[in-house]
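J.: mind folding the following:
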Amino acid sequence: MIPFATAEEAEAALGRAMTWAEAAWFRYSGSTPDYCLCFINFLILFACYTLTGLPIALLELCAPGRLTMPYKLQPKVRLSPDVFIRCYRNAARDMALLTMGPLLLVPYPALKVTGIRTGLPLPSVWEMLMEDYLGYWFHRLQHTKWFYKNIHYVHHEFRAPMVFVAAHAHWSESLVLGFASFVSMVIVPCHITTCWLWFAIRGAAGVEIHCGIWSA
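T.: Numbers count the residues shown, from 1 in each chain. Got it, this is the predicted structure:
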(Lines give C-alpha, C1' and ligand atoms only; values in the text may rest on other atoms or scores of the structure.)
Protein backbone atom coordinates (compact mmCIF):
# COMPACT_ATOMS: atom_id res chain seq x y z
CA MET A 1 0.00 0.00 0.00
CA ILE A 2 1.16 3.55 -0.68
CA PRO A 3 2.41 5.04 2.62
CA PHE A 4 0.67 8.38 2.13
CA ALA A 5 -2.67 9.36 3.58
CA THR A 6 -3.40 12.10 1.06
CA ALA A 7 -2.51 13.04 -2.49
CA GLU A 8 -0.78 16.14 -1.15
CA GLU A 9 1.61 13.98 0.91
CA ALA A 10 2.35 11.83 -2.13
CA GLU A 11 3.09 14.83 -4.31
CA ALA A 12 5.30 16.33 -1.61
CA ALA A 13 7.33 13.10 -1.51
CA LEU A 14 7.60 13.07 -5.31
CA GLY A 15 8.52 16.72 -5.42
CA ARG A 16 6.06 17.31 -8.25
CA ALA A 17 2.43 16.90 -9.20
CA MET A 18 1.27 13.37 -9.95
CA THR A 19 0.48 12.42 -13.51
CA TRP A 20 -3.07 11.22 -14.24
CA ALA A 21 -1.81 7.62 -14.20
CA GLU A 22 -0.08 8.12 -10.84
CA ALA A 23 -3.20 9.76 -9.42
CA ALA A 24 -5.28 6.77 -10.55
CA TRP A 25 -2.72 4.39 -9.07
CA PHE A 26 -2.76 6.33 -5.80
CA ARG A 27 -6.53 6.02 -5.54
CA TYR A 28 -6.49 2.31 -6.32
CA SER A 29 -3.43 1.02 -4.48
CA GLY A 30 -3.84 3.26 -1.47
CA SER A 31 -6.55 0.97 -0.15
CA THR A 32 -5.37 -2.32 -1.71
CA PRO A 33 -3.05 -4.62 0.31
CA ASP A 34 0.21 -5.59 -1.36
CA TYR A 35 -0.67 -9.29 -1.37
CA CYS A 36 -3.71 -8.45 -3.50
CA LEU A 37 -1.53 -6.45 -5.90
CA CYS A 38 0.76 -9.48 -6.18
CA PHE A 39 -2.11 -11.91 -6.73
CA ILE A 40 -3.39 -9.84 -9.66
CA ASN A 41 -0.39 -11.15 -11.64
CA PHE A 42 -2.07 -14.53 -11.84
CA LEU A 43 -5.50 -13.13 -12.63
CA ILE A 44 -3.99 -11.23 -15.55
CA LEU A 45 -2.12 -14.32 -16.79
CA PHE A 46 -5.26 -16.48 -16.56
CA ALA A 47 -7.39 -13.83 -18.28
CA CYS A 48 -4.92 -13.39 -21.14
CA TYR A 49 -4.57 -17.15 -21.57
CA THR A 50 -8.35 -17.53 -21.78
CA LEU A 51 -9.40 -14.43 -23.69
CA THR A 52 -6.57 -14.47 -26.21
CA GLY A 53 -7.11 -18.13 -27.00
CA LEU A 54 -10.91 -18.17 -27.13
CA PRO A 55 -11.39 -16.32 -30.47
CA ILE A 56 -8.72 -18.47 -32.15
CA ALA A 57 -10.29 -21.65 -30.76
CA LEU A 58 -13.74 -20.61 -31.98
CA LEU A 59 -12.28 -19.77 -35.40
CA GLU A 60 -10.74 -23.22 -35.73
CA LEU A 61 -13.84 -25.00 -34.43
CA CYS A 62 -16.50 -23.04 -36.31
CA ALA A 63 -14.97 -21.62 -39.47
CA PRO A 64 -15.11 -23.66 -42.70
CA GLY A 65 -11.96 -25.68 -43.21
CA ARG A 66 -11.19 -23.98 -46.53
CA LEU A 67 -10.70 -20.69 -44.67
CA THR A 68 -8.31 -21.97 -41.99
CA MET A 69 -6.41 -24.78 -43.75
CA PRO A 70 -4.06 -22.49 -45.74
CA TYR A 71 -2.82 -20.99 -42.47
CA LYS A 72 -2.54 -24.08 -40.26
CA LEU A 73 0.77 -25.79 -39.57
CA GLN A 74 -1.07 -29.13 -39.79
CA PRO A 75 -3.84 -28.31 -42.29
CA LYS A 76 -5.33 -31.82 -42.38
CA VAL A 77 -5.86 -31.98 -38.61
CA ARG A 78 -9.15 -30.65 -37.26
CA LEU A 79 -9.50 -31.08 -33.51
CA SER A 80 -12.84 -31.70 -31.86
CA PRO A 81 -14.47 -29.43 -29.26
CA ASP A 82 -13.87 -32.16 -26.66
CA VAL A 83 -10.10 -31.90 -27.19
CA PHE A 84 -10.14 -28.13 -26.75
CA ILE A 85 -12.28 -28.38 -23.62
CA ARG A 86 -10.15 -31.14 -22.07
CA CYS A 87 -6.93 -29.26 -22.69
CA TYR A 88 -8.31 -26.00 -21.31
CA ARG A 89 -9.87 -27.70 -18.28
CA ASN A 90 -6.63 -29.47 -17.31
CA ALA A 91 -4.49 -26.37 -17.80
CA ALA A 92 -6.92 -24.10 -15.94
CA ARG A 93 -7.14 -26.56 -13.04
CA ASP A 94 -3.37 -26.71 -12.62
CA MET A 95 -3.02 -22.94 -12.93
CA ALA A 96 -5.66 -22.41 -10.24
CA LEU A 97 -4.18 -24.97 -7.83
CA LEU A 98 -0.63 -23.65 -8.21
CA THR A 99 -1.82 -20.05 -7.93
CA MET A 100 -3.72 -20.69 -4.73
CA GLY A 101 -0.82 -22.69 -3.34
CA PRO A 102 2.97 -22.32 -3.65
CA LEU A 103 2.99 -19.65 -6.34
CA LEU A 104 1.07 -17.29 -4.04
CA LEU A 105 2.87 -18.19 -0.80
CA VAL A 106 6.37 -17.42 -2.09
CA PRO A 107 6.01 -14.34 -4.36
CA TYR A 108 4.34 -12.12 -1.77
CA PRO A 109 7.17 -12.45 0.81
CA ALA A 110 9.63 -12.01 -2.06
CA LEU A 111 7.83 -8.83 -3.03
CA LYS A 112 8.27 -7.48 0.49
CA VAL A 113 12.00 -8.15 0.86
CA THR A 114 13.50 -7.75 -2.63
CA GLY A 115 12.57 -4.24 -3.64
CA ILE A 116 9.60 -4.83 -5.94
CA ARG A 117 7.79 -1.51 -5.74
CA THR A 118 4.09 -0.89 -5.33
CA GLY A 119 4.19 2.85 -4.66
CA LEU A 120 5.08 5.99 -6.57
CA PRO A 121 6.50 6.91 -9.00
CA LEU A 122 5.17 4.54 -11.63
CA PRO A 123 7.78 2.78 -13.79
CA SER A 124 9.27 4.21 -16.95
CA VAL A 125 8.51 2.60 -20.30
CA TRP A 126 12.06 1.16 -20.42
CA GLU A 127 11.82 -1.02 -17.33
CA MET A 128 12.44 -4.64 -18.27
CA LEU A 129 12.43 -8.14 -16.74
CA MET A 130 14.66 -11.21 -17.19
CA GLU A 131 11.97 -13.92 -17.08
CA ASP A 132 12.13 -14.58 -20.80
CA TYR A 133 15.85 -15.35 -20.53
CA LEU A 134 15.36 -17.81 -17.67
CA GLY A 135 12.33 -19.34 -19.35
CA TYR A 136 14.33 -19.99 -22.51
CA TRP A 137 17.03 -21.97 -20.71
CA PHE A 138 14.53 -23.86 -18.63
CA HIS A 139 12.69 -24.87 -21.80
CA ARG A 140 15.97 -26.05 -23.33
CA LEU A 141 16.50 -28.18 -20.23
CA GLN A 142 13.03 -29.69 -20.61
CA HIS A 143 14.03 -31.10 -24.01
CA THR A 144 16.91 -33.13 -22.63
CA LYS A 145 16.29 -36.87 -22.54
CA TRP A 146 15.38 -37.36 -18.86
CA PHE A 147 13.24 -34.26 -18.45
CA TYR A 148 11.34 -34.85 -21.67
CA LYS A 149 10.60 -38.49 -20.80
CA ASN A 150 9.47 -37.78 -17.25
CA ILE A 151 8.05 -34.24 -17.26
CA HIS A 152 7.90 -32.30 -20.52
CA TYR A 153 6.07 -35.05 -22.45
CA VAL A 154 2.81 -33.78 -20.89
CA HIS A 155 3.18 -30.47 -22.73
CA HIS A 156 3.43 -32.39 -26.01
CA GLU A 157 0.48 -34.68 -25.35
CA PHE A 158 -1.49 -32.89 -28.07
CA ARG A 159 0.53 -33.49 -31.21
CA ALA A 160 -1.34 -30.88 -33.20
CA PRO A 161 -0.66 -27.41 -31.78
CA MET A 162 -3.64 -25.36 -30.59
CA VAL A 163 -4.16 -22.34 -28.39
CA PHE A 164 -4.77 -23.92 -24.99
CA VAL A 165 -1.66 -26.11 -25.17
CA ALA A 166 0.30 -23.03 -24.07
CA ALA A 167 -0.38 -23.73 -20.39
CA HIS A 168 -0.88 -27.50 -20.63
CA ALA A 169 2.07 -29.02 -18.80
CA HIS A 170 3.16 -31.26 -15.95
CA TRP A 171 2.43 -29.55 -12.63
CA SER A 172 6.13 -29.48 -11.72
CA GLU A 173 7.00 -27.74 -14.99
CA SER A 174 4.32 -25.10 -14.38
CA LEU A 175 5.59 -24.66 -10.84
CA VAL A 176 9.20 -24.09 -11.86
CA LEU A 177 8.23 -21.73 -14.69
CA GLY A 178 6.13 -19.76 -12.21
CA PHE A 179 9.04 -19.46 -9.82
CA ALA A 180 11.32 -18.45 -12.70
CA SER A 181 9.11 -15.44 -13.26
CA PHE A 182 9.61 -14.27 -9.70
CA VAL A 183 13.32 -15.07 -9.61
CA SER A 184 13.60 -12.54 -12.43
CA MET A 185 11.78 -9.96 -10.36
CA VAL A 186 14.22 -10.57 -7.52
CA ILE A 187 17.26 -10.18 -9.79
CA VAL A 188 15.87 -7.05 -11.43
CA PRO A 189 13.46 -5.44 -8.94
CA CYS A 190 10.69 -3.64 -10.73
CA HIS A 191 7.34 -2.02 -10.13
CA ILE A 192 4.35 -4.32 -9.60
CA THR A 193 2.62 -2.81 -12.65
CA THR A 194 5.59 -3.91 -14.76
CA CYS A 195 4.94 -7.43 -13.47
CA TRP A 196 1.30 -7.11 -14.53
CA LEU A 197 2.28 -6.00 -18.02
CA TRP A 198 4.82 -8.79 -18.37
CA PHE A 199 2.37 -11.49 -17.31
CA ALA A 200 -0.18 -10.11 -19.79
CA ILE A 201 2.38 -10.21 -22.61
CA ARG A 202 3.57 -13.69 -21.67
CA GLY A 203 0.03 -15.04 -21.51
CA ALA A 204 -0.91 -13.67 -24.92
CA ALA A 205 2.43 -14.61 -26.52
CA GLY A 206 2.21 -18.17 -25.20
CA VAL A 207 -1.18 -18.61 -26.84
CA GLU A 208 0.04 -17.16 -30.14
CA ILE A 209 3.13 -19.37 -30.21
CA HIS A 210 1.12 -22.56 -29.67
CA CYS A 211 -1.96 -21.77 -31.77
CA GLY A 212 -0.82 -23.75 -34.80
CA ILE A 213 -1.66 -20.93 -37.20
CA TRP A 214 0.90 -18.88 -39.10
CA SER A 215 0.56 -15.66 -41.00
CA ALA A 216 2.24 -14.98 -44.33
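
J.: buried stuff in the helix or strand containing Phe199?
T.: Using DSSP states H and E, Phe199 sits within helix 192-210. Going by neighbour count (16 or more other CB atoms under 10 Å), the buried part of helix 192-210 is 192-196, 198-200, 202-204, 206-207, 210. All C-beta spots, glycine's among them, are computed from the backbone N, C-alpha and C.

J.: number of nearby residues for Asn141?
T.: No Asn there; residue 141 is Leu. 14 (other CB atoms under 10 Å).

J.: confirm it sits in a helix?
T.: Yes: counting by DSSP: H, G, I helix; E, B strand; the rest coil, one finds Leu141 located in a helix.

J.: would you mind measuring from it to Tyr148?
T.: The spacing between Leu141 and Tyr148, counted by CB to CB, to the nearest Å, is 10 Å.

J.: again, but for Leu79
T.: Counting by CB to CB, the gap from Leu79 to Tyr148 is 23 Å.

J.: sketch out the helices for the protein, chain order is fine.
T.: 7-14, 20-29, 34-62, 65-68, 81-100, 102-105, 107-113, 131-142, 145-150, 171-187, 192-210 (DSSP state H).

J.: make JSON lines out of those and add mean pLDDT.
T.: Shown next, in JSON lines, are these (pLDDT from 0 to 100):
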{"stretch": "helix 7-14", "mean pLDDT": "84"}
{"stretch": "helix 20-29", "mean pLDDT": "88"}
{"stretch": "helix 34-62", "mean pLDDT": "87"}
{"stretch": "helix 65-68", "mean pLDDT": "81"}
{"stretch": "helix 81-100", "mean pLDDT": "87"}
{"stretch": "helix 102-105", "mean pLDDT": "66"}
{"stretch": "helix 107-113", "mean pLDDT": "68"}
{"stretch": "helix 131-142", "mean pLDDT": "77"}
{"stretch": "helix 145-150", "mean pLDDT": "92"}
{"stretch": "helix 171-187", "mean pLDDT": "75"}
{"stretch": "helix 192-210", "mean pLDDT": "85"}
